[in-house]
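Participant: Would you be able to build a 3D model of this:
(one chain, ligands or ions: 2)
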Amino acid sequence: MDDFTKVIVSENDISRKLDALSAQIREDYEGKDLLLVGVLKGAVMVMADLARRMPPTVQMDWMAVSSYGSGTKSSGVVRILKDLDADLSGRHVLIVEDIIDTGITLHWLLGNLRSRGAASVEVMTLLRKPDAVQVEVPVKYLGFEIPNEFVVGYGLDYAERYRTLPFVAILNPAVYGD
Ligand SMILES: O=P(O)(O)OC[C@H]1O[C@H](OP(=O)(O)OP(=O)(O)O)[C@H](O)[C@@H]1O
Ligand SMILES: [Mg+2]
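Facilitator: Ligands and ions are numbered 1, 2, ... in the order given. The predicted structure follows:
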(Lines give C-alpha, C1' and ligand atoms only; values in the text may rest on other atoms or scores of the structure.)
(Ligands and ions follow the chains in the order given, each with its own letter.)
Protein backbone atom coordinates (compact mmCIF):
# COMPACT_ATOMS: atom_id res chain seq x y z
CA MET A 1 0.00 0.00 0.00
CA ASP A 2 1.27 3.48 -0.83
CA ASP A 3 1.08 6.02 2.00
CA PHE A 4 0.09 8.79 -0.44
CA THR A 5 -2.43 8.81 -3.26
CA LYS A 6 -1.05 11.92 -5.01
CA VAL A 7 1.55 14.67 -4.68
CA ILE A 8 -0.45 17.89 -5.01
CA VAL A 9 2.23 20.54 -4.39
CA SER A 10 5.79 19.69 -5.44
CA GLU A 11 9.03 20.89 -3.87
CA ASN A 12 9.58 23.06 -6.93
CA ASP A 13 6.05 24.53 -6.74
CA ILE A 14 6.69 25.50 -3.10
CA SER A 15 10.02 27.09 -3.85
CA ARG A 16 8.68 29.19 -6.73
CA LYS A 17 5.65 30.27 -4.71
CA LEU A 18 7.82 31.34 -1.77
CA ASP A 19 10.03 33.36 -4.12
CA ALA A 20 6.94 35.28 -5.27
CA LEU A 21 5.31 35.68 -1.86
CA SER A 22 8.53 36.75 -0.16
CA ALA A 23 9.13 39.42 -2.83
CA GLN A 24 5.67 40.82 -2.16
CA ILE A 25 6.16 40.70 1.63
CA ARG A 26 9.57 42.41 1.42
CA GLU A 27 8.01 45.20 -0.64
CA ASP A 28 4.98 45.61 1.65
CA TYR A 29 7.09 45.77 4.83
CA GLU A 30 9.98 47.84 3.46
CA GLY A 31 11.27 50.16 6.20
CA LYS A 32 9.22 48.36 8.86
CA ASP A 33 10.42 46.11 11.64
CA LEU A 34 8.69 42.78 10.89
CA LEU A 35 7.98 39.96 13.32
CA LEU A 36 7.10 36.60 11.79
CA VAL A 37 4.98 34.47 14.11
CA GLY A 38 5.15 30.78 13.23
CA VAL A 39 2.48 28.40 14.43
CA LEU A 40 4.13 25.24 15.69
CA LYS A 41 4.58 22.61 14.65
CA GLY A 42 3.11 22.62 11.17
CA ALA A 43 4.60 25.96 10.08
CA VAL A 44 8.22 25.04 10.81
CA MET A 45 9.15 24.29 7.19
CA VAL A 46 7.35 27.21 5.57
CA MET A 47 8.67 29.59 8.24
CA ALA A 48 12.26 28.48 7.68
CA ASP A 49 12.02 28.77 3.91
CA LEU A 50 10.17 32.09 3.99
CA ALA A 51 12.43 33.67 6.62
CA ARG A 52 15.53 32.79 4.57
CA ARG A 53 14.10 34.90 1.76
CA MET A 54 13.65 37.94 4.01
CA PRO A 55 16.16 40.66 5.03
CA PRO A 56 18.37 39.56 7.94
CA THR A 57 16.71 42.01 10.33
CA VAL A 58 13.46 40.00 10.23
CA GLN A 59 12.55 38.39 13.54
CA MET A 60 10.89 35.07 14.30
CA ASP A 61 8.80 34.02 17.24
CA TRP A 62 6.73 30.89 17.78
CA MET A 63 3.44 29.92 19.27
CA ALA A 64 2.28 26.33 19.69
CA VAL A 65 -1.42 25.66 19.43
CA SER A 66 -3.10 22.39 18.70
CA SER A 67 -6.61 21.44 17.68
CA TYR A 68 -6.11 18.19 15.78
CA GLY A 69 -4.40 15.97 18.34
CA SER A 70 -3.49 12.70 16.63
CA GLY A 71 -6.51 12.51 14.29
CA THR A 72 -7.65 13.94 10.95
CA LYS A 73 -10.57 16.06 12.24
CA SER A 74 -10.42 19.38 14.12
CA SER A 75 -11.60 19.12 17.71
CA GLY A 76 -12.92 22.67 17.37
CA VAL A 77 -11.08 23.61 20.57
CA VAL A 78 -7.82 25.51 20.26
CA ARG A 79 -5.31 25.11 23.07
CA ILE A 80 -2.15 27.20 23.63
CA LEU A 81 0.72 24.81 24.25
CA LYS A 82 3.41 27.51 24.11
CA ASP A 83 2.92 31.27 24.06
CA LEU A 84 5.05 33.90 22.28
CA ASP A 85 8.17 35.30 23.93
CA ALA A 86 7.75 38.70 22.22
CA ASP A 87 5.63 41.60 23.43
CA LEU A 88 3.49 42.55 20.42
CA SER A 89 2.69 46.14 21.34
CA GLY A 90 3.44 48.40 18.38
CA ARG A 91 4.83 45.52 16.30
CA HIS A 92 4.08 44.61 12.70
CA VAL A 93 3.17 40.92 12.93
CA LEU A 94 2.83 38.41 10.12
CA ILE A 95 1.39 35.05 11.18
CA VAL A 96 2.94 32.24 9.15
CA GLU A 97 0.83 29.10 8.78
CA ASP A 98 1.08 25.88 6.82
CA ILE A 99 -2.66 25.42 6.28
CA ILE A 100 -6.11 26.88 6.77
CA ASP A 101 -8.52 23.95 6.87
CA THR A 102 -11.68 24.79 8.88
CA GLY A 103 -10.20 28.20 9.76
CA ILE A 104 -10.85 27.58 13.46
CA THR A 105 -7.18 27.80 14.51
CA LEU A 106 -6.39 31.04 12.68
CA HIS A 107 -9.66 32.72 13.55
CA TRP A 108 -8.92 32.11 17.20
CA LEU A 109 -5.28 33.11 16.85
CA LEU A 110 -6.05 36.35 15.02
CA GLY A 111 -8.44 37.38 17.79
CA ASN A 112 -5.88 36.47 20.41
CA LEU A 113 -2.94 38.32 18.79
CA ARG A 114 -5.02 41.37 17.81
CA SER A 115 -5.87 41.93 21.47
CA ARG A 116 -2.16 42.39 22.29
CA GLY A 117 -1.75 45.90 20.86
CA ALA A 118 0.17 45.12 17.65
CA ALA A 119 0.47 47.86 14.99
CA SER A 120 -0.70 45.31 12.39
CA VAL A 121 -1.46 41.60 12.23
CA GLU A 122 -1.65 39.85 8.84
CA VAL A 123 -1.71 36.23 7.71
CA MET A 124 0.40 34.21 5.30
CA THR A 125 -0.59 30.59 4.68
CA LEU A 126 0.96 28.14 2.27
CA LEU A 127 -2.25 26.11 1.80
CA ARG A 128 -5.98 26.69 2.09
CA LYS A 129 -8.88 24.28 1.59
CA PRO A 130 -11.71 26.53 0.32
CA ASP A 131 -14.28 23.70 0.57
CA ALA A 132 -13.48 22.98 4.24
CA VAL A 133 -13.64 26.51 5.63
CA GLN A 134 -16.11 26.94 8.50
CA VAL A 135 -14.85 30.35 9.64
CA GLU A 136 -13.61 32.92 7.10
CA VAL A 137 -10.17 34.29 7.90
CA PRO A 138 -8.63 37.29 6.11
CA VAL A 139 -5.50 36.04 4.34
CA LYS A 140 -3.10 38.56 2.85
CA TYR A 141 -0.58 36.10 1.39
CA LEU A 142 -1.82 32.77 0.02
CA GLY A 143 0.21 29.98 -1.53
CA PHE A 144 -2.14 27.31 -2.93
CA GLU A 145 -5.80 26.38 -2.74
CA ILE A 146 -6.10 22.61 -2.41
CA PRO A 147 -8.91 20.03 -2.44
CA ASN A 148 -10.73 19.04 0.74
CA GLU A 149 -8.54 16.00 1.47
CA PHE A 150 -6.27 15.26 4.40
CA VAL A 151 -2.75 16.16 3.30
CA VAL A 152 0.69 15.60 4.78
CA GLY A 153 4.25 16.77 4.20
CA TYR A 154 6.22 20.02 4.37
CA GLY A 155 5.35 20.43 8.06
CA LEU A 156 1.91 18.80 7.96
CA ASP A 157 1.50 15.61 9.94
CA TYR A 158 -0.71 12.67 10.52
CA ALA A 159 -0.09 11.48 14.11
CA GLU A 160 3.26 13.37 14.05
CA ARG A 161 4.46 11.52 10.94
CA TYR A 162 5.30 12.73 7.42
CA ARG A 163 6.20 16.31 8.48
CA THR A 164 9.65 15.98 6.91
CA LEU A 165 8.53 15.28 3.33
CA PRO A 166 9.68 18.08 0.99
CA PHE A 167 6.30 18.09 -0.86
CA VAL A 168 2.59 18.08 0.05
CA ALA A 169 0.67 14.89 -0.72
CA ILE A 170 -2.80 13.45 -0.12
CA LEU A 171 -2.61 10.83 2.59
CA ASN A 172 -4.01 7.46 1.58
CA PRO A 173 -7.22 7.09 3.65
CA ALA A 174 -6.19 3.47 4.29
CA VAL A 175 -3.44 4.87 6.55
CA TYR A 176 -6.01 6.31 8.94
CA GLY A 177 -8.60 3.61 8.37
CA ASP A 178 -11.43 5.42 6.53
O1 LIG B 1 -7.98 25.53 9.99
P2 LIG B 1 -7.92 24.45 11.02
O3 LIG B 1 -8.98 23.40 10.77
O4 LIG B 1 -7.97 24.95 12.41
O5 LIG B 1 -6.55 23.66 10.80
C6 LIG B 1 -5.30 24.29 10.64
C7 LIG B 1 -4.37 24.02 11.77
O8 LIG B 1 -4.23 22.62 12.01
C9 LIG B 1 -2.86 22.23 11.99
O10 LIG B 1 -2.31 22.28 13.26
P11 LIG B 1 -2.46 21.12 14.36
O12 LIG B 1 -3.53 21.47 15.32
O13 LIG B 1 -2.59 19.79 13.66
O14 LIG B 1 -1.06 21.18 15.10
P15 LIG B 1 0.40 20.92 14.45
O16 LIG B 1 0.72 22.13 13.63
O17 LIG B 1 1.30 20.76 15.61
O18 LIG B 1 0.29 19.68 13.60
C19 LIG B 1 -2.23 23.25 11.07
O20 LIG B 1 -0.84 23.37 11.29
C21 LIG B 1 -2.97 24.52 11.40
O22 LIG B 1 -2.39 25.19 12.50
MG1 LIG C 1 -1.22 18.47 13.05
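
Participant: who does the helix ranked longest in the chain touch, helix- and strand-wise?
Facilitator: Across the chain, the helix with the greatest residue count (assigned by DSSP state H) is helix 11-28. Applying 3 or more Cβ pairs under 8 Å, 6 or more residues apart in numbering; DSSP states H and E, we find helix 11-28 packed against helix 44-51, strand 120-128, strand 141-145. Bear in mind the C-beta positions are built from the backbone N, C-alpha and C, glycine included.

Participant: Tell me which residues of that helix come out buried.
Facilitator: Across helix 11-28, burial judged by 16 or more other Cβ atoms under 10 Å covers I14, K17, L18, L21, S22, I25.

Participant: Let me know whether the helix or strand following that helix sits next to ligand 1.
Facilitator: Beyond helix 11-28 on the C-terminal side, the first helix or strand identified by DSSP states H and E is strand 34-40. Yes - counting by Cβ under 6 Å from any ligand atom, ligand 1 has neighbours in strand 34-40: V39, L40.

Participant: Chain neighbours aside, what residue packs nearest to the most centrally placed residue in the chain?
Facilitator: Nearest to the geometric centre of the chain sits E97, at 1.4 Å (Cα atoms, centre = their mean). Closest residue to E97 apart from its sequence neighbours, by Cβ to Cβ, 6 or more residues apart in numbering: T125 at 4.2 Å.

Participant: thinking again about what came up before, make JSON lines from the helices and strands packed on helix 11-28 and add mean neighbour count to it.
Facilitator: Shown next, in JSON lines, are these (neighbours: other Cβ atoms under 10 Å):
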{"stretch": "helix 44-51", "mean neighbour count": "20"}
{"stretch": "strand 120-128", "mean neighbour count": "22"}
{"stretch": "strand 141-145", "mean neighbour count": "17"}
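
Participant: returning to what we had before: the helix or strand where the residue nearest to the centre of the chain lies close to ligand 2?
Facilitator: Using DSSP H and E, E97 sits in strand 92-100. No - Strand 92-100 is not in contact with ligand 2 by Cβ under 5 Å from the ion; minimum separation 8.8 Å.

Participant: who does that strand pair up with?
Facilitator: Next to strand 92-100 in the sheet, as set by DSSP bridges, lie strand 34-40 (parallel), strand 120-128 (parallel).
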